[in-house]
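**Q** got a predicted structure here, sequence first:
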Amino acid sequence: MNVFDVQASLRALLPAERFLVFEELRTQVAAGGVRALQIALPALPRKIGREQLPPELALEGDVSVDLGAWRACDAAALELLHVAQAGDDALRELYAHGDIEERAMVLRSLACRPVSAGTVALLAEVQRTNVQSHFEAAICDSNLVARSLGRAGFAQADLDRLVLKAAFLGVELVRLFDVQRHANPELSRMLQDLATEREAAGRAVWRDTARLIARAPTAGTLARLVGGLEHGDDGTRLAAAEGLDALLSRERSQRTELHHYLRERLPREPRAEIRAALERALAR
Amino acid sequence: MRIFEPHIHMFSRVTDDYERMALAGVRAVLEPAFWLGQNRTNVGSFVDYFDTLIGWERFRAQQFGIHHFCTMALNPREANDDRVNQAVIEALPRYLEKDGVLGVGEIGLDDQTKKEEHYFLAQLALAKKHDLPVLVHTPHRDKKKGFQRCIDLVRDAAFPLQRVLLDHGNEETIKITRELGCVSGFSIYPFTKMDTNRMVAIVKEYGVERMIINSAADWGVSDPLMVPKTMVKLEQAGLRPALIEQLVWGNPVAFFSQGGRLDVARLEHPANIDRRQTFEGNSVLRGQDPDA
């Protein structure tokens, strides 16, 4: 699986002497396999660096990855895992005994590898292990979660729980590629319950709640979306307007009733971006 | 003034301690692997502990802006325990390559047995192989003789003395170590080992070259703020701020930089302080607002 050319990316990004270090490590790990990788991996952030790769959407087969979220050491780790021929057992072992940086590198590599039993096992770890950098490394900026759906041990309920965790941590939905396609009423119920719990505690609600629940309405969804149009937070109002647009694009039975609220809000909405979303919804 | 706390067992401390240490100026801590109050019965318990030091404990420190480093070792007490000693030595090499592991320690002597000596030498060899300095625990009983024996073993192993931190020193041991070229460590405790007033007297007599002070706090009666408290006493005694800074920052940073893994530039800024993060489902926030 060759989602992007790591060597070309690193050659373009790194000073020549650091790229040489990478090549030396690559040679060592190619010769020494996983045992050599155990030694090489911890030092990658220090030896190769933490610079971000340029933003670029890498597409290969069914994989999509935003390389802008990757650091030089992440790319180097992906290459070393490849040349070490690290399989599922090695991945899990490297994760289990890795420090914070090592774990993040192993998790980020999953986005560019075929989905396997090891992927599913590490996604289960991430469901519990939510150091935000680990959660982001595994779940964000690629379509790994959506791509893993349907594999043994990773059913819709597992995807739903990861999305709920994203909401709990405040991770933006836009970073979970293709997840919106898997919205479902049970996930909407979970997100709405979380929102209600947060509101009762006087705490912030995940702004993207409206964007997801609108795609699979359940009891209370419409009231929450319409109520969002009057929220004092711009981001929440925008999400509500976009949610209603998404809902009306697929479900027109309540068009008349919803258009009443959209029309009523439009002249009072101070934000141009939100007015545009309201107008799009009214055009449905 | 920034503080590099060069010997503290945060594994045994509560989160409030991290907050108070950060407020007192502690920018970085070094946590030596040690005895956990009772002997472990299998090597897996050591491996889990080592993973905790490079994982959860580092994460916990970062949430308060503190950089967390550690040293790894089989401690001298459990060097006597045949259920674990050799297996721990075999598990260590992988951990000695971790980026935040800045030395081998605590090694040394405790009861001063032959087995302790055997594993002390074995770990000096590991330190050489992994190009790391060593943090040496010296005995609390029959200290002067044990101190001397540690030095003899280091010399027998031809281990470079500038890479040796002989810890838990006192007024007697400083007389032995001052001219050796190694670093002398002092663990400041509320009632035992070394106290703040005695430490001031030692600094006034011997200066701060190749000298390190630490809180060494653990589960016992101890105080993680003993370094900042000693700094106040030193200032009141008239020691220049530049010398105090050398004692609590320059010296430990220089010593633990010898392995080439301590990125001093990263210490210029506090560690990641986003307390919204959790580790393996746990957050030190326990549900509170991180911005509160």
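**A** Sure thing, it's come through.
**Q** next to chain B, which bits of chain A? Give me the list.
**A** Contact residues, chain A versus chain B (CB under 8 Å from any CB of the partner chain): A:38-39, A:42-43, A:45-46, A:96-101, A:103, A:128-133, A:169-170, A:203. Just so you know, the C-beta spots here come from the backbone N, C-alpha and C atoms, and that holds for glycine as well.
**Q** can you rerun that using 7 Å?
**A** Proximity of chain A to chain B, by CB under 7 Å from any CB of the partner chain, involves residues A:38-39, A:42-43, A:45-46, A:97, A:99-101, A:128-132, A:169, A:203.
**Q** filter those residues down to the ones in strands?
**A** Per DSSP state E, strands hold no members of those.
**Q** can you select the buried ones from those residues in PyMOL?
**A** This is how PyMOL selects the buried members of the residues of chain A next to chain B, with burial counted by 16 or more other CB atoms under 10 Å in any protein chain shown:
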select buried, chain A and resi 38+39+42+43+45+46+97+99+100+101+129+130+131+132+169
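**Q** now the residue in the stretch 51-200 of chain B that chain A sits nearest to: how far from A:Glu79?
**A** Here the residue of the stretch 51-200 of chain B nearest chain A is B:Ile54; by CB to the nearest CB that distance is 4.0 Å. Distance, B:Ile54 to A:Glu79, using CB to CB, to the nearest Å: 23 Å.
**Q** B:His140 too?
**A** As judged by CB to CB, B:His140 and A:Glu79 stand 50 Å apart.
**Q** which one's more surrounded, these two?
**A** Each of B:His140 and A:Glu79 has its neighbours counted (other CB atoms under 10 Å in any protein chain shown); A:Glu79 has more, 21 against 12.
**Q** mind telling me what element that one is part of?
**A** Assigned by DSSP states H and E, A:Glu79 belongs to helix A:72-83.
**Q** can you give me the helices for the stretch 101-250 of chain A?
**A** Along the stretch 101-250 of chain A, counting by DSSP state H, counting those that start in this stretch, helices occupy A:117-128, A:132-139, A:144-148, A:156-169, A:185-200, A:209-213, A:221-228, A:234-250.
**Q** tell me which residues in the fourth one are buried?
**A** Going by neighbour count (16+ other CB under 10 Å), the buried part of helix A:156-169 is A:158-160, A:162-167, A:169.
**Q** and what of the first one?
**A** Applying a neighbour-count criterion of 16+ other CB under 10 Å, the buried positions in helix A:117-128 are A:118-120, A:122-123, A:125-127.
**Q** what's the farthest-apart pair in those?
**A** A:Gly118 and A:Gln127 (15.0 Å; CB to CB).
**Q** what's the following helix or strand after the top helix by length along chain B?
**A** In chain B, with assignment by DSSP state H, the single longest helix is helix B:114-129. Going down the chain from helix B:114-129, the next helix or strand is strand B:134-137, by DSSP H and E.
**Q** other residues contacting that following strand?
**A** By CB atoms under 7 Å, 6 or more residues apart in numbering or on different chains, the list of residues contacting strand B:134-137 from outside reads B:7, B:32, B:71, B:75-76, B:103-108, B:110, B:124, B:127, B:150, B:163-168.
**Q** now that strand: how far from the chain's centre is it?
**A** Remark: strand B:134-137 is offset 8 Å from the chain centroid, using CA atoms, centre = their mean, to the nearest Å.
**Q** for stretch B:139-157, same thing?
**A** Relative to its chain's centre, stretch B:139-157 lies at 18 Å (CA atoms, centre = their mean).
**Q** contacts for that stretch next, please.
**A** Counting by CB under 7 Å, 6+ apart, B:108-110, B:112, B:117, B:120-121, B:124, B:136, B:138, B:161, B:164, B:166, B:172-173, B:176, B:180 sit against stretch B:139-157.
**Q** tell me how far B:Ala237 lies from A:Arg189.
**A** 66 Å.
**Q** neighbour count winner among these two?
**A** Neighbours per residue (other CB under 10 Å) separate B:Ala237 from A:Arg189, with A:Arg189 holding more: 17 against 12.
**Q** show me what contacts the more buried one?
**A** A:Thr218.
**Q** next, count neighbours for residue 142.
**A** As the question left the chain open, I've gone with chain A. For A:Ser142, the count of nearby residues is 28 (other CB under 10 Å).
**Q** wrong one, chain B
**A** When neighbours are counted by other CB under 10 Å, B:Asp142 registers 12.
**Q** for the stretch 101-250 of chain A, give me the ranges with low pLDDT.
**A** Per-residue confidence for the stretch 101-250 of chain A (pLDDT under 70) gives these ranges: A:130.
**Q** tell me how many other residues crowd residue 206.
**A** Unless you meant another one, I'm taking chain A. When neighbours are defined as other CB under 10 Å, A:Trp206 has 24 of them.
**Q** ah, I was thinking of chain B
**A** Neighbours of B:Tyr206 using other CB under 10 Å come to 16.
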